[in-house]
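Chemist: starting from these lines, generate the structure:
(one chain, ligands or ions: 1)
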Amino acid sequence: MTSHRIAIIYGTTEGQTRKIAEHMAQTLRHHDDRVELLLGSELDPDFEPTAYDGIIIGASIHEGRHQRYIRGLAKKHAPVLSEMPSAFFSVSMSAAADDTLAEAAQALEAFQEESGWKPAQAEAVAGALKYTEYSWLKRFIMKKSSASKGGETDTEHDWEYTDWDQVTRFAETFHERLD
Ligand SMILES: Cc1cc2nc3c(=O)[nH]c(=O)nc-3n(C[C@H](O)[C@H](O)[C@H](O)COP(=O)(O)O)c2cc1C
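Modeler: Numbering: from 1, shown residues only. Purely as a prediction, here's the structure:
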């Protein structure tokens, strides 16, 4: 088993993408990989992807797009990311239901088009509805959006849709690619 140096850079607004990135880090560490978890908005301007054996980037979708700082980062490093082992995961509620999977795939495609980075491994991952943490306005918007998609509307609770087996597999596949 070879140990690799991996950076997982994530963009998050309500924290679910961080949780997913942490799960990936844990999976990779079981394989003795050395993993750095980095919040995209606080990334050192001198960050060099080539300092790592592999890079995973994740971001969540709000109003149809991923975090601006992640889009910028992907664009800036697209040429080098395309040449090295790299992967992208996109977190959203549209990835949570069959009816809206096409929407999630479209956002994933748009991200790749805009950045010019087309990673060999790219997946849409279902996120969470964190009703109890939202402001009243966000709660109102998300309840309406969820109702229109046949999702949970009980705002007394948070609802997690993330498929943790998918997240584990994503990290396992990435590790195997580096071997
Ligand atoms: C204000 C708001 C807007 C959102 N817009 C979208 C959207 O356009 N499409 C979608 O699939 N999910 C949308 N979501 C769902 C988020 O992608 C989902 O809650 C995800 O888990 C957020 O990840 P984060 O906690 O890492 O930011 C939205 C969520 C909020 C709170």
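
Chemist: residues in this structure within reach of the ligand, list them.
Modeler: Proximity of the chain to the ligand, by Cβ under 6 Å from any ligand atom, involves residues 12-17, 60-64, 91-94, 127-129, 138, 141-142. All C-beta atoms are positioned from the backbone trio N, CA, C, and that covers glycine.

Chemist: report the buried members of the residues you listed.
Modeler: Applying 16 or more other Cβ atoms under 10 Å to the residues of the chain next to the ligand, the neighbour count classes 12, 14, 16-17, 60-61, 91-94, 127-129, 142 as buried.

Chemist: ranges for the helices of the chain?
Modeler: Counting by DSSP state H, one finds helices in the chain at the ranges 16-30, 68-83, 101-115, 136-148, 164-178.

Chemist: need these in TSV with distance to residue 5 and mean pLDDT, can you?
Modeler: Listed next are those as TSV, based on distance: least, Cβ to Cβ, whole Å; pLDDT from 0 to 100:
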stretch	distance to residue 5	mean pLDDT
helix 16-30	10	98
helix 68-83	15	98
helix 101-115	23	97
helix 136-148	37	94
helix 164-178	9	97
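
Chemist: so which of those helices is the most packed in?
Modeler: Highest mean neighbour count of the helices of the chain: helix 16-30, a mean of 20 (counted as mean count of other Cβ atoms under 10 Å).

Chemist: report all helices and strands that it contacts.
Modeler: strand 5-10, strand 34-39, strand 54-62, strand 86-92, helix 164-178 (3 or more Cβ pairs under 8 Å, 6 or more residues apart in numbering; DSSP states H and E).

Chemist: domains in the protein, by residue range?
Modeler: 5-127+162-178, 129-161 (automatic domain parsing).

Chemist: gap between the shortest one and the chain center?
Modeler: This means domain 129-161. In terms of Cα atoms, centre = their mean, to the nearest Å, the centre of domain 129-161 is set 20 Å apart from its chain centre.

Chemist: could you do the first one as well?
Modeler: Taking the mean C-alpha point of domain 5-127+162-178 and that of its whole chain, the gap between them comes to 4 Å (Cα atoms, centre = their mean).

Chemist: in JSON lines, list the helices of the chain along with distance to residue 121.
Modeler: Formatted as JSON lines, the helices of the chain follow (distance: least, Cβ to Cβ, whole Å):
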{"stretch": "helix 16-30", "distance to residue 121": "12"}
{"stretch": "helix 68-83", "distance to residue 121": "12"}
{"stretch": "helix 101-115", "distance to residue 121": "12"}
{"stretch": "helix 136-148", "distance to residue 121": "29"}
{"stretch": "helix 164-178", "distance to residue 121": "6"}
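
Chemist: much appreciated, bye for now.
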